[in-house]
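Chemist: this one's structure only:
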């Protein structure tokens, strides 16, 4: 159980960061009054894309949705709210959107220095995508 109200001192979060080697962290607040270029950023987050590294998000306040593609390329919507943490593997197509509250505060975690580059679909030729697809094929066997 993670304690979003006390994330600075939460021993469970500290242990996850140590065990997974999440050495870099920042906090993003997605709200029209808090995020510069809000409209542009919301559109970018909702564009279907992948990353070359895992995407780790911990919701500290508010709520929203991550949409991911399943093995049959169909959307799965994941509702995220305060206290939830998600790791999206490198190479998975996904997108993010706010819900009707139009607000989320999230911690972003990385192994090493952050890389923010989204690769919009199609990006099937990237090694991260090929590795992810191989993982899905192995899991299916």
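Modeler: Sure, I can see it. Just so you know, these numbers come straight off a predicted model, no measurement behind them.

Chemist: Which parts of this structure are strands?
Modeler: When assigned using DSSP state E, the strands of the chain occupy the ranges 24-30, 49-50, 55-69, 75-81, 85-88, 94-98, 104-110, 119-120.

Chemist: packing partners for the last one?
Modeler: So the one you mean is strand 119-120. Using 3 or more CB pairs under 8 Å, 6 or more residues apart in numbering; DSSP states H and E as the contact criterion, the secondary-structure elements in contact with strand 119-120 are strand 49-50. In this view, the C-beta of every residue, glycine as well, is placed from N, C-alpha and C.

Chemist: Ok, the second one next?
Modeler: Counting contacts by 3+ CB pairs under 8 Å, 6+ apart, strand 49-50 packs against strand 94-98, strand 119-120, helix 127-140.

Chemist: which other residues reach the helix or strand of the chain with the lowest mean pLDDT?
Modeler: Across the helices and strands of the chain, mean confidence by mean pLDDT, DSSP states H and E is lowest for helix 127-140: a mean of 95. Counting contacts by CB atoms under 8 Å, 6 or more residues apart in numbering, the residues outside helix 127-140 that touch it are 50-53, 71, 89-92, 123-124.

Chemist: Confidence-wise, which of those comes last?
Modeler: Of all the contacts of helix 127-140, the model is least confident about residue 71, whose pLDDT is 86.
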